[in-house]
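[1] 3D, please:
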Amino acid sequence: MEEKLYDLTFLKTIAGDDDEGLRDIINKFLKSTPEDLNSLKYAIDNNNRKVTAGFAHKLKANVKFFHIKYIFEKLREIEIQCSDENETIDFNIFKEKVDEIQGVYSKVFEELKLDDIV
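    Numbers count the residues shown, from 1 in each chain. The predicted structure follows:
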């Protein structure tokens, strides 16, 4: 069996025995993440360093809670590069990274739904 792309151990610790609370957290994640990804893409398309860094940071926080493999470092790189005003940025590279990130998120969403958690 293939290893999952996420791990709910941390969230289950926070939720304790509250399965409904855990489902609520997951449903909010499923609803807000696509919106945040679209905002990140829009910021990148418009070469907006500050907004790009902000949405990368916001998405990175959720990645930590869900222990989503692979995405954290990519979001961290985007955030750090955009936060450094002296760094020259190639936003086209960010577009490629966001496409990869979106692909992983899609798989995570599928896994969460298949696991019948939501």
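[2] biggest helix in this protein, by residue count?
    helix 19-45 (DSSP state H).
[3] run through the neighbouring helices and strands of the helix or strand just after that one.
    The C-terminal neighbour of helix 19-45 among helices and strands, as given by DSSP states H and E, is helix 49-66. Packed against helix 49-66 by the contact rule (3 or more Cβ pairs under 8 Å, 6 or more residues apart in numbering; DSSP states H and E) you find helix 9-15, helix 19-45, helix 71-83, helix 91-114. (C-beta placed from N, C-alpha, C; glycine too.)
[4] could I get the buried residue list for helix 49-66?
    49, 51-60, 62-63, 66 (16 or more other Cβ atoms under 10 Å).
[5] figure out which of the helices and strands packed on helix 49-66 is closest to residue 3.
    helix 91-114 (10.4 Å; Cβ to Cβ).
[6] hmm, who's touching the closest one?
    Identification of contacts with helix 91-114 by Cβ atoms under 8 Å, 6 or more residues apart in numbering yields 4-6, 26, 30, 33-34, 37, 40-41, 44-45, 47, 52, 59, 66, 68-71, 74-75, 77-78, 118.
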